[in-house]
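Engineer: Build me a structure from this.
(4 chains)
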There are 2 protein chains.
Amino acid sequence: MIDPANILKAHDLKHTKQRVRVLQEIALDQSAVSQPELEKKLGKEIDRVTLYRILNTYEDKGILHRIMDLNGTANYAICSSSCTEHHHHDEHVHFNCTNCLKIYCLQISIPRIKMPEGFKANAISSIAYGICEKCNIA
Amino acid sequence: MIDPANILKAHDLKHTKQRVRVLQEIALDQSAVSQPELEKKLGKEIDRVTLYRILNTYEDKGILHRIMDLNGTANYAICSSSCTEHHHHDEHVHFNCTNCLKIYCLQISIPRIKMPEGFKANAISSIAYGICEKCNIA
DNA sequence: CCTCCGGATGCAAATGAATTGTATCTTAAA
DNA sequence: TTTAAGATACAATTCATTTGCATCCGGAGG
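Structural biologist: Numbers count the residues shown, from 1 in each chain, chains lettered A, B, ... in the order given. Alright, predicted model coming up:
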């Protein structure tokens, strides 16, 4: 259950109606949402730039995680509760439907991968591309 | 060893000096290259739009594979020889340095991941973010 | 070697995502 | 209630990428 007020307080962020609306909107969907999609829904209430800044703030704070889709557009989804400002732990596999373009957060964690000598990984992202359950039916 | 002329012939592409130059330039580097980087190097010889079109053609033909970096910019690297027009087999892990922004193709293949019911994956991409060997020294 | 067609290139302009600057407004704390 | 730090809105800009169209050139056929 997502409580915007608590999340904001927990991360020392001022409680504004715009920030609350963004969290509500993103929490609705189990697939990740892009800024353009959010702008379509919230454009009447929130300025485009404000939306970008809110999303960046949320990412920095570890409230949202960002996934790049096929077009290089940023998509956002709520982080698992263990994410912090300093380290993201949302290391699950994402699924990007090449038909409807939606991004899903799968409940599958990313297998550990040993890096070559000299390379130090802080995070790893895994995106599967294909057809999602909804598009498979249609 | 990369032979541009052969690659072009093998894929039924006209032999033009621009196409040859792009292949030469990308083959030089073992890290993936973005269009903006290529444009810096080849901008005097090749038009920006032509560069985009060549890269798209190469991707379609399975000559290059595309990796999105942190900024949502497309980067390109030479495909393994088994890639074809209809299916990319370049399923190795990539490494995106958060310092120098370079993308490396690691010689590590992506572990098989079982998709949930209804989801059908055609390709999977895995990108590790961190500090590369060069930046680790400096 | 010459002709000629289709695909490739170059240039101009448009689109779309994201960022920056700045003035104004709002939250939360004194 | 006052007030300062921080948020928001609006305008303008940057940066990657795409589209339209006229021109050019590679290579197949004569």
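Engineer: Just say helix, strand or coil for A:L38.
Structural biologist: Assigned by DSSP: H, G, I helix; E, B strand; the rest coil, the conformation of A:L38 is helix.
Engineer: Pull up the per-residue confidence for it.
Structural biologist: Listed pLDDT for A:L38 reads 96.
Engineer: Verify the contact between it and A:V22 for me.
Structural biologist: Yes. Here A:L38 reaches A:V22: they are 6.9 Å apart, a contact under C-beta atoms under 8 Å. Heads up, the C-betas are built off the backbone N, CA and C, glycines and all.
Engineer: who touches both of these two?
Structural biologist: Common contacts of A:L38 and A:V22 (C-beta atoms under 8 Å, 6 or more residues apart in numbering or on different chains): A:51, A:55.
Engineer: Looking only at neighbour counts, state which of these two leads.
Structural biologist: A:V22 (27 against 22; other C-beta atoms under 10 Å in any protein chain shown).
Engineer: residues in chain A within reach of DNA strand C, list them.
Structural biologist: A:8, A:14-17, A:34-36, A:48-49, A:52-53, A:56, A:71, A:73-74 (C-beta under 7 Å from any atom of the strand).
Engineer: Report the buried members of those.
Structural biologist: A:8, A:34-35, A:73-74 (16 or more other C-beta atoms under 10 Å in any protein chain shown).
Engineer: can you narrow the residues of chain A next to DNA strand C to ones near DNA strand D?
Structural biologist: Within the set of the residues of chain A next to DNA strand C, contact with DNA strand D (C-beta under 7 Å from any atom of the strand) is found for A:14, A:16, A:49, A:53.
Engineer: Take those and lay them out in TSV including pLDDT.
Structural biologist: Output for these, formatted as TSV (pLDDT from 0 to 100):
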residue	pLDDT
A:K14	97
A:T16	98
A:V49	98
A:R53	98
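Engineer: Show me where chain A has its strands.
Structural biologist: A:31-34, A:64-68, A:74-78, A:92-97, A:103-109, A:120-131 (DSSP state E).
Engineer: Lowest average pLDDT across those strands?
Structural biologist: The stretch with the lowest mean pLDDT among the strands of chain A is strand A:103-109, at a mean of 86.
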